[in-house]
Each structure stands twice: as structure tokens, then as C-alpha cells.
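Colleague: please work out how this folds:
(one chain, ligands or ions: 1)
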Amino acid sequence: MSTIEEYDCIVIGAGVQGSFTACQLAKQSRKTLLLEQFVLPHTRGSSHGQTRIIRKAYMQDFYTHMMEECYELWAQLEREAGIKLFRQTGLLVMGPENSESYQLIKNTLQKNKVPMAILNHDNFCQHIPNVNLAVGNGAVVDLTAGVLYADRALKTVQGQFQKLGGVIRDKEKVIDIKPGPVVTVSTSAGVYRANRVVITAGPWANRLLAHTGLQLPLEVVKINVCYWKEKVPGSYDVKKRFPCFLLTEGEETKDHIYGLPSNEYPGLMKICYHMGSETDPDQRDKQTDRSDIDILKRFIARCFPGLVPEPAVVESCLYTLTPDDHFVLDCHPSYSNIVIGAGFS
Ligand SMILES: Cc1cc2nc3c(=O)[nH]c(=O)nc-3n(C[C@H](O)[C@H](O)[C@H](O)COP(=O)(O)OP(=O)(O)OC[C@H]3O[C@@H](n4cnc5c(N)ncnc54)[C@H](O)[C@@H]3O)c2cc1C
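Modeller: Coordinates of the predicted model:
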């Protein structure tokens with residue numbers, strides 16, 4: 001007869017949120033199990049890919065404040081693991097000068113004294129070559145921002161977790177959660193018990209929460225992750241510290257557009273539309289909407305004259321959205337020993 005393993009904490013989902021949570025729990029000497037449905041590493045959730053933007057440029061002060069601690073935690077992980085995870089490039093924010101989102105971001109940077117540069121139409125080209133600033137658009141640069149090496153970060157934090165005695169079981173899908181003072185978690189391979197459970201299942205959050213009688217207003221969308229070819233290789237290269245960028249929503253686009261300097265595929269810059277079409281996380285390949293790519297093509301033809309306005313590579317990733325676009329980080333309303341982290345896109 002198989003025995004039931006006991007832990008202080010079980011974290012369900014080994015994406016960026018679950019893996020960092022598990023590592024922090026292990027640092028606090030909690031006996032922790034991290035469960036993942038797929039074989040690690042995998043590309044079927046939200047955390048895969050080589051790069052992500054990190055920034056202090058947000059519309060709300062509280063995110064800018066949180067980022068202080070966040071940058072410190074990233075630096076700490078780099079020191080502990082002896083690996084480089086962050087490259088400072090700055091983030092160029094462009095948007096209609098009088099639009100609410102652009103003004104909010106600019107104000108947040110100014111109010112919180114974040115190192116920044118305000119550009120105008122006269123000095124823009126000198127600082128940001130190969131980009132056209134649209135008439136009526138303003139531009140500021142969050143100088144603290146940059147690129148996080150996402151896949152490398154995930155591998156690193158999972159490694160640190162294991163060094164601290166944490167246990168990772170991948171290829172183990174959680175199929176049932178029985179709440180109680182001690183929570184019982186059943187997977188495709190075994191049964192575990194813990195005093196506390198953290199659910200960080202990304203796009204699958206509601207599937208797991210259903211076992212606890214809770215559903216959150218989450219929408220899962222597929223994002224087309226597009227890479228665009230440089231006409232002259234190196235024009236938008238991370239090594240030359242070409243910045244990440246964000247175009248806030250305006251007349252041209254309902255949602256914002258963002259991009260990262262060429263890195264993972266030499267000579268290709270990643271530029272995406274910050275919205276996609278609804279999908280079931282297990283059926284995402286059936287979602288074939290590419291209307292976002294048409295928006296991106298028009299934007300690139302107008303603003304990035306050094307890129308071929310036709311994507312050279314299109315990959316996919318999932319966003320999990322809440323109605324107000326802020327994430328959910330809370331205890332379960334009925335079971336205080338179940339913690340939920342969801343809707344991080
Ligand atoms: C294209 C794209 C670009 C982005 N760019 C940025 C950016 O520049 N900057 C930024 O800050 N953020 C960015 N994000 C957002 C960021 O990547 C996400 O917020 C983050 O990856 C969410 O991580 P997560 O751990 O919540 O979800 P996930 O990575 O999806 O992890 C959830 C995990 O739970 C597992 N799981 C689910 N159900 C079960 C089960 N029953 N049993 C066991 N395991 C299970 C899944 O397999 C998965 O591995 C971007 C996202 C995308 C898609």
C-alpha cells in the first residue's frame with residue numbers, strides 16, 4: 001500500500017509564480033512540494049520564452065512601489081545562484097501626449113522619482129534610432145527597466161528551491177483537492193497532504209478552484225508572440241542596449257503594443273499586441289485568430305522602418321485576465337489555508 005506524503009506546503013503549478021513562491025517557502029524552512037502537470041521545462045502555460053520586460057513604469061503607484069522590492073529579489077537570486085538574469089536596457093513609453101494612460105505612466109515615474117528621460121520630437125531620433133515617433137505622441141524612458149531572461153530565471157529558481165530541500169514533481173497533474181485543516185491533494189501519480197496549499201495554476205486556475213467550490217472571473221486568451229526581422233542586423237539589438245518599448249493604447253490601437261530588443265533569435269525583434277482571443281488552455285492551437293498581427297504590421301510599417309513588416313516567427317503564449325486587469329493574490333474565502341495567485345497577465 002502506498003503511503004501518503006506529508007508536507008508543510010504544497011504549491012500547484014510550476015510557472016514563474018508557483019516556482020518563486022515555492023522557493024520563498026523553502027527559504028522559510030517549510031517542507032514544500034511543487035507539483036506540475038507537464039514535464040519541465042514546457043511551453044504550454046504563460047511563463048515560457050527567453051525574455052520578459054521588467055519596469056517601474058506603471059499607471060498605478062502601488063506597482064511602482066512593489067517593483068522596489070521586486071528588483072531587490074531578482075538581484076538577490078542572481079547573487080545566490082551566480083547567474084545573470086537581468087539586462088538593463090530602459091523602457092521607452094510612447095503614447096498620445098494627452099491620453100490618460102500615457103499621462104498616468106509619466107506621472108507615476110515623476111512622482112516616484114524613478115530615473116527617467118523625457119524625449120521630444122527634436123531629440124527623439126538622437127536617443128532612439130530607427131523608430132518614428134508619431135505626431136501627437138509623447139515619449140519617456142524608464143531608465144531602470146530592462147529584460148529578464150525568463151526561461152533561465154525559471155530554471156534557476158527551481159534549482160535554488162531544490163538546493164533548499166524543496167521537492168519538484170513534474171508530469172503530475174493535480175486531479176483533486178480536498179480542503180480541510182489538512183488539505184489532501186491527489187495527482188495522477190499519488191496523494192499528498194499539507195497544512196497549506198498554494199494554487200498558482202495560471203490559465204488552469206479555475207479548473208483547480210472548482211474542487212474548492214470557487215470560480216473567479218478569469219478570461220484566458222491566446223497571444224501571438226511575433227518576431228520581426230531587422231533589415232540591417234543589429235539595428236535593434238539587446239547588446240547595443242536598444243530599449244524595450246510600450247505604446248499605450250490610443251486612436252490607433254485599443255490595447256497597447258510592446259516590444260523587446262532582438263535577443264533570442266539573432267536579428268529578430270519581439271513585438272506583440274497586448275490582447276488576444278479567448279481560448280481553452282488545453283485547446284489553444286485551435287484558436288487561429290491573427291487580427292492582432294494585422295494591427296502589428298501596420299504599426300511596424302509606420303514606426304519601425306528598420307523591420308520587415310511581416311512576422312518571421314510566430315509562437316504562442318497564454319494570458320489570464322481579470323476584469324480590472326489586476327491580479328488576484330488572496331486566501332480562499334472559505335479555506336484560509338488555501339492561497340490563490342491568479343490572473344497575472
Ligand atoms: C506573450 C507574453 C508576454 C508577456 N510579457 C511579459 C512581460 O514582458 N513582463 C511581465 O512582467 N510579464 C509578462 N507576461 C506575463 C507573465 O509571463 C505571466 O504573468 C506569468 O508567466 C504567469 O505565470 P503563472 O505562474 O501565473 O502561470 P503559468 O506560467 O501558466 O504557470 C501555471 C502552471 O500551472 C501548471 N498547472 C496547471 N494546472 C495544473 C494541475 N492541475 N496540476 C499541476 N500543474 C498544473 C501549468 O502547467 C503551468 O506550468 C507575458 C505573458 C505572455 C503570455
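Colleague: quick one: neighbours of the closest residue to the ligand within the stretch 101-250 of the chain, just the number.
Modeller: At 2.4 Å from the ligand, residue 202 is the closest residue in the stretch 101-250 of the chain, using CB to the nearest ligand atom. Where you see a C-beta, it was placed from the backbone N, CA and C, and this is true even at glycine. By other CB atoms under 10 Å, 27 other residues sit near residue 202.
Colleague: residue contacts, it?
Modeller: 13, 15, 17, 45-47, 281, 318, 320, 342, 344 (CB atoms under 8 Å, 6 or more residues apart in numbering).
Colleague: could you dump the longest strand seen in the chain to CSV, C-alpha only?
Modeller: Longest strand in the chain by number of residues, with DSSP state E as the criterion: strand 307-321. Provided in CSV are the C-alpha atoms of strand 307-321 (Å, rounded to 0.1, in the frame of the first residue of the first chain):
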residue,chain,number,x,y,z
LEU,A,307,12.0,46.0,-39.5
VAL,A,308,10.3,43.9,-42.3
PRO,A,309,6.6,44.4,-41.5
GLU,A,310,5.8,40.7,-41.8
PRO,A,311,6.4,38.4,-38.8
ALA,A,312,9.3,35.9,-39.4
VAL,A,313,8.4,33.7,-36.4
VAL,A,314,5.0,33.4,-34.6
GLU,A,315,4.8,31.5,-31.3
SER,A,316,2.1,31.4,-28.7
CYS,A,317,1.5,32.1,-25.1
LEU,A,318,-1.5,32.4,-22.8
TYR,A,319,-2.7,35.4,-20.8
THR,A,320,-5.1,35.0,-17.8
LEU,A,321,-7.0,38.2,-17.4
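Colleague: can you name every helix or strand that that strand contacts?
Modeller: Applying 3 or more CB pairs under 8 Å, 6 or more residues apart in numbering; DSSP states H and E, we find strand 307-321 packed against strand 219-230, strand 268-273, helix 291-303.
Colleague: buried ones in that strand?
Modeller: 307, 311, 315-321 (16 or more other CB atoms under 10 Å).
Colleague: same thing with stretch 324-341?
Modeller: Buried-residue list, stretch 324-341, by 16+ other CB under 10 Å: 332, 335, 337-341.
Colleague: ok, stretch 126-144 next?
Modeller: For stretch 126-144, by 16+ other CB under 10 Å, it's 128, 130-131, 133-134, 137-144.
Colleague: pull the distance from stretch 73-89 to the chain's centre.
Modeller: Here stretch 73-89 is found 17 Å from its chain centre; the criterion is CA atoms, centre = their mean, to the nearest Å.
Colleague: and the contacts of it?
Modeller: The contact list for stretch 73-89 (CB under 8 Å, 6+ apart) reads 54, 143-149, 152-153, 156-157, 159-160, 238, 241-244, 261.
Colleague: among the residues you listed, name the buried ones.
Modeller: Buried members of these, counted by 16+ other CB under 10 Å: 54, 143-149, 153, 156-157, 159-160, 238, 242-244, 261.
Colleague: now the longest strand of the chain: average pLDDT?
Modeller: Strand 307-321 comes out with an average pLDDT of 97.
Colleague: just the angle between it and strand 268-273, please?
Modeller: Strand 307-321 and strand 268-273 meet at an angle of 50 degrees, taking axes from the mean of the first three to the mean of the last three CA atoms, to 10 degrees as the criterion.
Colleague: deepest of the helices and strands packed on strand 307-321, which one?
Modeller: strand 268-273 (a mean of 24; mean count of other CB atoms under 10 Å).
Colleague: partners of that one, with directions?
Modeller: If you go by DSSP bridges, strand 268-273 pairs up with strand 219-230 (antiparallel), strand 257-260 (antiparallel).
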